[in-house]
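In: coordinates only, no sequence provided:
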């Protein structure tokens, strides 16, 4: 498994960061998240799912993806012993991480953080993809854009409420699934990303 570790001195936590379905661990968004979290004393371990390493566009089966998540978490624990672990990631990567956690707890992982949880396919609203979250017994953070086509808020909010104190939802106005905001808002994507990562850093501080 190919990985990229960014571990600042006196790191407060290490985020095992999985990529989305369409782009790998070196995508500019993933690189920016890693660099900016390092500035907040949060390390990252990025990794590619097997299909991405093979150059395929077809995501791995859940079984294969879950195994990759577990391998990455084990590698993070080996590379940064004693540093609190958080797991999750962008879209598909976050969902595969939560499914793995629901099936069998990821060793040492204190919480799951989702950079845009893909609650349903675009144009097909449903909350079926959230059913497994009932079996996740550690804190979860949902970082979502208000214009996310893969997570209608009127469906996501009841899911988060159902999960009780384990789940926290942070919504970012005008942002889409990739945390992009239209030019008419007068805001830059980098500003939104900074807000997202501030929220993530604050949540990590609370749970660790």
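Out: Nice, thanks for sending it over. All of these numbers come straight from a predicted model, not from anything done at the bench.
In: so where do the helices sit in this structure?
Out: Along the chain, the segments classed as helices by DSSP state H run 28-38, 50-53, 62-79, 92-103, 153-163, 189-207.
In: among the ones you listed, which is the most enclosed?
Out: Greatest average neighbour count among these goes to helix 92-103 (a mean of 24), per mean count of other C-beta atoms under 10 Å. C-beta: built from backbone N, CA, C; applies to glycine.
In: show me what that one is packed up against.
Out: On a contact count with 3 or more C-beta pairs under 8 Å, 6 or more residues apart in numbering; DSSP states H and E, helix 92-103 meets strand 13-18, helix 62-79, strand 85-90, strand 109-115.
In: one more time with 10 Å
Out: strand 13-18, helix 62-79, strand 85-90, strand 109-115, strand 140-145 (3 or more C-beta pairs under 10 Å, 6 or more residues apart in numbering; DSSP states H and E).
In: for residue 100, find the nearest of these.
Out: The closest of those to residue 100 is helix 62-79. By C-beta to C-beta, the value is 4.0 Å.
In: what mean pLDDT does the closest one have?
Out: Averaging pLDDT along helix 62-79 yields 98.
In: quick one: distance of it to the chain centre.
Out: Mean-position distance between helix 62-79 and its chain equals 14 Å (C-alpha atoms, centre = their mean, to the nearest Å).
In: what's the answer for stretch 22-35, then?
Out: Worked out by C-alpha atoms, centre = their mean, stretch 22-35 lies 12 Å from the chain centre.
In: now do that stretch: distance from first to last residue.
Out: Stretch 22-35 has an end-to-end distance of 21 Å (C-alpha to C-alpha, to the nearest Å).
In: contacting residues for the residue of the chain most remote from its centre?
Out: Here the chain reaches farthest from its C-alpha mean at residue 184, the gap being 27.6 Å by C-alpha atoms, centre = their mean. By C-beta atoms under 10 Å, 6 or more residues apart in numbering, the contact list for residue 184 reads residue 174.
In: separation between it and residue 191?
Out: Distance, residue 184 to residue 191, by C-beta to C-beta, to the nearest Å: 15 Å.
In: which residues touch the closest residue to residue 80 other than its chain neighbours?
Out: In this structure, residue 80 finds its nearest non-sequential neighbour in residue 14, 4.9 Å apart by C-beta to C-beta, 6 or more residues apart in numbering. Residues near residue 14 by C-beta under 10 Å, 6+ apart: 5-8, 37, 42-45, 73, 76-77, 79-80, 83-87, 108.
In: look up which residues are beta-bridged to residue 14.
Out: residue 43, residue 85 (DSSP bridges).
In: rebuild the helices of the chain as TSV, extending it with distance to residue 140.
Out: Below are these laid out as TSV (distance: least, C-beta to C-beta, whole Å):
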stretch	distance to residue 140
helix 28-38	18
helix 50-53	24
helix 62-79	15
helix 92-103	7
helix 153-163	7
helix 189-207	10
